[in-house]
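S.K.: give the three-dimensional model of this entry:
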Amino acid sequence: MTDFFSYLLQLGGLGESGEFDPSNPLMYIYIISLATIPLFMMYGQRMQGKIVLGEISKSLVKLKGMRDNARLATIEYVKISLPQSTDPAAKIDKFLEYFTIMPVDIDPSGLVRKLGHVMRTKDERMRQEVRKICPGVSDYEASKIENMLEAASALNMIYKVVRHFYLMGKRTTSVYVLVQLQMVMPILLEEADALKKAIGTFQKGQPIGDGIGPMVVGKMMLGREKKYAAKETVYAQGEHKGRTLYFLKAEGPAGTVGRPGEAIQRLAGDLGIKLDAIIMIDAALKLEGERTGDVAEGIGAAIGGIGVEKYQIEEVATDYDIPVYAVIVKQSILDAITVMRKEIADSFDKVTETVHAVIEDKTREGQSVMVIGVGNTMGVAQ
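M.R.: Take a look at the predicted model:
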């Protein structure tokens, strides 16, 4: 054993002529350091797993608290909005567990049509359930409850998925599963925090960052006759420097995004309105380092969601050879679903100027332009 220590000391340059000197404390430190190497090789991964488990466990507790607070806030709001003899907690808990199965995509033919059918059925089912929970409530109040339930449901899903991978990683002692979960946890917590704050915004019926598009178009529609173009979607006609303008947005101030895809199909197809350009105004997620409220101009259909509305608008634009222009207001996910920040509201005039500049630059007098305000119209009238 002494010869072995002497060999190690020679390798470390701590021994003279390979002799073990018990009076030198550095020799003991060096030996202990070398002895721990096999220990870490055998148990290092397990120790790392314990550390990662602890960090994820703390985040999971935060997510559970957010989920529970969102659930309680929704239940309390329903009780206040519509006093009733029965407790709505059981019905709300049932709603939070609803799920949607996407249609098969093995054969892509007609996939968008199937997606549209599934999502329409989902939306109608949600409205029916809200009416069951709150019979007799106004459409405006019902839309607020729908948005609150959607946010609470999303929080519930985030918590359940994180808990699933946490328990699976803990059961299988797989560090790789846990480390991947640890890496995405800050992003998940940020999204969950945004959803938690959105509950309060929807409860008060305040405009959110995503409503900047409908807000701009809603002001353009003031004082003009509004007509229905599709369910929960209205349009009006105006004029700007010799161009005929058609303004389209979801019907506010209820919290809905409307059906702009169906609306433009009806206006350009069934009603035969000839359009020479389409301008879409929407909120867009900013990149890190970009400023909230910055306005940018581009090409293409500026609309989020699962893709059904975007497909419908692009189909109309392609069939009738209509160029599509986009004006976006940059913001984070937190800004988009919480009360509208001052920086976003201050972009109102710049967005309007940009839209007018596009109209003047891309069209001629006598032509027609469709201006679409895309987004959730919570608290935004017309």
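S.K.: for the rest of this, base every contact and every neighbour count on C-alpha atoms.
M.R.: Fine.
S.K.: which residues of the stretch 201-350 of the chain fall in strands?
M.R.: With DSSP state E, counting those that start in this stretch, the ranges of strands along the stretch 201-350 of the chain come out as 227-230, 233-240, 243-250, 277-285, 295-299, 324-331.
S.K.: just checking: what are the partner strands of the longest one?
M.R.: According to DSSP bridges, the neighbouring strands of strand 277-285, each with its direction, are strand 324-331 (parallel), strand 368-373 (parallel).
S.K.: ok so, going back, which of the strands of the stretch 201-350 of the chain sits closest to I56?
M.R.: strand 277-285 (26.9 Å; Cα to Cα).
S.K.: that older thread, the strands of the stretch 201-350 of the chain into TSV, with extra columns for distance to P207?
M.R.: Shown next, in TSV, are the strands of the stretch 201-350 of the chain (distance: least, Cα to Cα, whole Å):
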stretch	distance to P207
strand 227-230	22
strand 233-240	18
strand 243-250	13
strand 277-285	13
strand 295-299	19
strand 324-331	14
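S.K.: circling back to that earlier point, how about the strands paired with strand 277-285 in JSON lines, adding distance to D361?
M.R.: As requested, the strands paired with strand 277-285 are exported to JSON lines (distance: least, Cα to Cα, whole Å):
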{"stretch": "strand 324-331", "distance to D361": "12"}
{"stretch": "strand 368-373", "distance to D361": "12"}
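S.K.: just the ones you listed: most buried one?
M.R.: Of all the strands paired with strand 277-285, strand 368-373 has the most neighbours on average by mean count of other Cα atoms under 10 Å, namely a mean of 26.
S.K.: now that one: average pLDDT?
M.R.: Mean pLDDT, strand 368-373: 96.
S.K.: now that strand against strand 243-250, angle please.
M.R.: 30 degrees (axes from the mean of the first three to the mean of the last three Cα atoms, to 10 degrees).
S.K.: grab the nearest non-local neighbour of the spatially most central residue of the chain.
M.R.: Nearest to the centroid of the C-alpha atoms of the chain, with distances taken as Cα atoms, centre = their mean, sits I333, at 5.8 Å. Using Cα to Cα, 6 or more residues apart in numbering and skipping the chain neighbours, the partner closest in space to I333 is L285 (6.4 Å).
S.K.: stretch 202-215: end-to-end distance?
M.R.: Using Cα to Cα, to the nearest Å, the end-to-end distance of stretch 202-215 comes out at 16 Å.
S.K.: which residues sit against it?
M.R.: With contact meaning Cα atoms under 8 Å, 6 or more residues apart in numbering, stretch 202-215 is reached by 77, 144-145, 147-148, 201, 249-250, 255, 281-283, 329, 331, 335-341, 344-345, 348, 372-382.
S.K.: now the buried members of those.
M.R.: 144-145, 147-148, 201, 249-250, 255, 281-283, 329, 331, 335-341, 344-345, 348, 372-382 (16 or more other Cα atoms under 10 Å).
S.K.: quick one on the thing from earlier: ok, the residue nearest to I333 touching S332?
M.R.: Yes: under the criterion of Cα atoms under 8 Å, L285 makes contact with S332 at 5.2 Å.
S.K.: look at those two and report which has more neighbours.
M.R.: S332 (20 against 17; other Cα atoms under 10 Å).
S.K.: hmm, the more buried one is touching T292, no?
M.R.: Yes: the pair S332 / T292 is scored as a contact, 7.3 Å apart, by Cα under 8 Å.
S.K.: spit out the residues that contact the two alike.
M.R.: Residues touching both S332 and T292 (Cα under 8 Å, 6+ apart): K286.
S.K.: now the strands of the stretch 201-350 of the chain as JSON lines including mean pLDDT and distance to G169?
M.R.: JSON lines is the format used below for the strands of the stretch 201-350 of the chain (pLDDT from 0 to 100; distance: least, Cα to Cα, whole Å):
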{"stretch": "strand 227-230", "mean pLDDT": "94", "distance to G169": "48"}
{"stretch": "strand 233-240", "mean pLDDT": "94", "distance to G169": "47"}
{"stretch": "strand 243-250", "mean pLDDT": "95", "distance to G169": "44"}
{"stretch": "strand 277-285", "mean pLDDT": "95", "distance to G169": "32"}
{"stretch": "strand 295-299", "mean pLDDT": "95", "distance to G169": "43"}
{"stretch": "strand 324-331", "mean pLDDT": "96", "distance to G169": "35"}
